[in-house]
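> Please find the sequence and the predicted model below.
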Amino acid sequence: MTKIVWHSVPKKIKPSLVFLHGLLGSSQEFVPYLKHFEGQYAAYALDAPLHGRREQVGALTATSLIADLEAQLAPIPTPYILVGHSLGGLVALRYGVLHPERVAGVVLLDIFPYQTPFTQLFHATLLRLFSERLAPEREVVPLADVLTDEAYRLSVDKYLTKCPRGVNPKERLARLVDFVTDQIDAFFQPQPLSCPLLFLVGEGSPFSDLEDEVWQRDYPQAARRVIAEGGHLLHVTKRLEVIAALEAWLAGL
């Protein structure tokens, strides 16, 4: 008698979707994404130190940001699809480089891992804004002079004026000053990444004003999608378009 053995095909494990906000943002920006992907993926939105309701013990550095992300990811099932806005995207990219065995893909929302004249000017302006809050007598260049995205200007102002109860706003801001002054440049250094990569950029955002040849050279596997009429805060102002682009990319993995 011939014995028949049925071999079941292992079910493909779906990655966990992990959303990371940018500088001065919070996990609340991604709550609609968690609701949208509920039942499709295990989805999470994390707060970085000094953001949301979180504080930070000691100095905030490029190294401590990665270590903090690793600690928050520890209980989340691997592999991860990391979706990061602005600085969150750069942190996601760095984590993917350091831990390729845990990352199935990375999505950068309106940021490239390259320092440009605009990002340098933007960071300098942020420092002036921070300093103005710490020492009001100093003259400050308005953020509007370097950023025309009204939504992002409002989010910056919200961070600077609304601090969680029990948190010392000047101490929090002083730590951010140190981070932007000494640490943020470390993330604008392209590094080899082998997993799938998506750049989602805002059509009108100066953060995404970069020649295609630059990122195609360093990340030949990357896809780039432009969100029409999107600005730097495209994941908030163009949420449906971003979700559609993200879904299409995920479907092709």
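Perfect, thanks for sending it.
> from the chain's centre, how far out does the helix or strand containing A245 sit?
Secondary structure assignment for A245, by DSSP states H and E: helix 239-251. How far helix 239-251 lies from its chain's middle: 16 Å, per C-alpha atoms, centre = their mean, to the nearest Å.
> packing partners for it?
Applying 3 or more C-beta pairs under 8 Å, 6 or more residues apart in numbering; DSSP states H and E, one finds that helix 239-251 contacts helix 31-37, strand 103-109, strand 197-202, strand 223-227, helix 234-237. Yep, even glycine has a C-beta here, placed from its N, CA and C like the rest.
> Mind doing that once more with 10 Å?
helix 31-37, strand 80-85, strand 103-109, strand 197-202, strand 223-227, helix 234-237 (3 or more C-beta pairs under 10 Å, 6 or more residues apart in numbering; DSSP states H and E).
> pLDDT of that helix, averaged?
In this model, helix 239-251 carries a mean pLDDT of 97.
> quick revisit: including distance to W249, could the helices and strands packed on helix 239-251 go into TSV?
Listed next are the helices and strands packed on helix 239-251 as TSV, based on distance: least, C-beta to C-beta, whole Å:
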stretch	distance to W249
helix 31-37	13
strand 80-85	9
strand 103-109	7
strand 197-202	5
strand 223-227	6
helix 234-237	14
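> Looking at these, which one is packed in the most?
strand 80-85 (a mean of 27; mean count of other C-beta atoms under 10 Å).
> buried residues in the helix or strand following it?
On the C-terminal side of strand 80-85, the nearest following helix or strand under DSSP H and E is helix 87-98. Buried residues in helix 87-98, counted by 16 or more other C-beta atoms under 10 Å: 87-97.
> same thing with stretch 213-226?
215, 219, 222, 224-226.
> Would you point out the most distant pair within those residues?
Using C-beta to C-beta, the buried residues of stretch 213-226 span at most 16.5 Å, a distance reached by Y219 and V226.
> picking that back up, which one, of the helices and strands packed on helix 239-251, ends up nearest to R128?
Closest to R128 of the helices and strands packed on helix 239-251 is strand 80-85 (C-beta to C-beta; 22.8 Å).
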